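*Asks:* Sequence and predicted structure below; questions after.
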Amino acid sequence: MNALFDAGLAAEHCLETVRRLSDAEVPTEGLAEFVPAARRLWVIPRPATMRAIDEVWRLGRLLLGHSGALYATGRTTRAAERGRPGYQSLSREERKEIAAAALQGSYPLGATVNFDAAPLSLDDEFLRALDATAPLGLDGNTLRVRWRAGAALAAAPTLEQYLRERSELLINPPLGST
């Protein structure tokens, strides 16, 4: 039987990264749940909106919340006015509706909002059940982060290395990248 993965140590790495990012005053992005448009009683329409979940930092394939919670990145939008339908394409109209939902959800104009992000547990059983499409995976008892879906875990950085490298890029971005 495999020895258990040390979830406490991984949680400490997440919290240390939160402290570093907070101390450096790196701006966060919103994490929300998309709530589609619906009709209420008496046929009164309710517009689509975004329900806030957390404020997060984007660290590549992971989102890191203020509490140290990890999420697998999902989709992203910027809060914007809906505007008139242009009927360019169905997908473009859907993106416009999602951007307007972020604005409806009280995010300021132009704010980046992440949604459809999957929460990631640091529980040993949860991690061992993940497949190769997940950003996290256990290589023996070492938690590693895949750079892309399907990548081998053996060459992937540990969670500690990944968080350190990605947070350093946010704290001290390379010249010309901002």
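*Replies:* Arrived safely.

*Asks:* okay but residue 45 is in contact with residue 37, surely?
*Replies:* Yes. With contact defined as CB atoms under 8 Å, residue 45 reaches residue 37; the gap is 6.6 Å. Just so you know, the C-beta spots here come from the backbone N, C-alpha and C atoms, and that holds for glycine as well.

*Asks:* between these two, which one's more packed in?
*Replies:* Higher neighbour count among residue 45 and residue 37: residue 37, with 13 against 8, using other CB atoms under 10 Å.

*Asks:* now the strands: where do they sit in this protein?
*Replies:* 29-35, 38-39, 45-46, 49-59, 62-65, 70-72, 75-78, 112-115, 118-120, 136-139, 142-145 (DSSP state E).

*Asks:* lowest-confidence stretch among the ones you listed?
*Replies:* Among these, strand 38-39 carries the lowest mean pLDDT, at a mean of 76.

*Asks:* Now tell me which helix or strand of the chain has the poorest mean pLDDT.
*Replies:* Least confident element among the helices and strands of the chain, by mean pLDDT, DSSP states H and E: strand 38-39 (a mean of 76).

*Asks:* Residue 31 versus the spatially closest residue to residue 167 that is not a sequence neighbour, what's the distance?
*Replies:* Using CB to CB, 6 or more residues apart in numbering and skipping residues adjacent in sequence, the residue nearest residue 167 is residue 17, 5.0 Å away. Applying CB to CB, to the nearest Å, the value for residue 17 to residue 31 is 16 Å.

*Asks:* again, but for residue 61
*Replies:* Residue 61 is 15 Å from residue 31, where distance means CB to CB.

*Asks:* Low-confidence bits of this structure, can you list those?
*Replies:* Low-confidence segments of the chain, defined by pLDDT under 70: 1-3, 39-41, 86-87, 178.

*Asks:* go again using 80 as the cut-off
*Replies:* Flagging of the chain using pLDDT under 80 yields the residue ranges 1-5, 39-44, 83-88, 176-178.

*Asks:* could you show me where the helices are in it, in order?
*Replies:* Taking DSSP state H as the test, the helices found in the chain are 7-23, 90-104, 124-129, 159-171.

*Asks:* what about residue 42, neighbour count?
*Replies:* Residue 42 has 5 neighbouring residues, counting by other CB under 10 Å.

*Asks:* Equivalent analysis for residue 175, please.
*Replies:* 6.

*Asks:* same deal with residue 30?
*Replies:* For residue 30, using other CB under 10 Å, the count is 23.
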